[in-house]
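1. Sequence and predicted model, in that order:
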Amino acid sequence: MLRHIFQGVDDIIWLNADETPVRERLEILELNNLKSIVGNYRLMVIDEIQRIKNAGLLLKLLVDNLKEVQFVATGS
């Protein structure tokens, strides 16, 4: 459904926390690390966020520090 909603949006990054490398990178809660993941994207979708340790803190850091980016988190 989200892929349909965001169809045509170019500056979006889709991350799936079922993938070990994605999950491990997002679990490094350092601002420089998170900024490097987001890059110049304006919209970030994190699927299966419940798989990430400290997911609530991750989202808080992203939202509080990257005001120009919108975040969507989904889970089972």
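-> Yep, that arrived. Since this is a predicted model, take the numbers as computed values, not measurements.
2. For the protein, give me the ranges with low pLDDT.
-> For the chain, not a single residue meets the criterion pLDDT under 70.
3. buried sites along the helix ranked longest in the chain?
-> Longest among the helix segments of the chain by residue count, using DSSP state H, is helix 55-65. Within helix 55-65, the residues scored as buried using 16 or more other Cβ atoms under 10 Å are 55, 58, 61-62. Bear in mind the C-beta positions are built from the backbone N, C-alpha and C, glycine included.
4. Can you tell me which of those residues is closest to Leu43?
-> Closest approach between the buried residues of helix 55-65 and Leu43, by Cβ to Cβ: Leu62, at 11.9 Å.
5. Ignoring the adjacent residues along the chain, who's closest to the closest one?
-> Nearest residue to Leu62 in three dimensions, chain neighbours excluded: Phe71, at 5.5 Å (Cβ to Cβ, 6 or more residues apart in numbering).
6. Let's check: the centremost residue of this protein is which one?
-> A centroid search over the chain (Cα atoms, centre = their mean) returns Ile46, at 4.2 Å, as the residue closest to the centre.
7. Check the secondary structure at that residue for me.
-> Three-state call for Ile46 (DSSP: H, G, I helix; E, B strand; the rest coil): strand.
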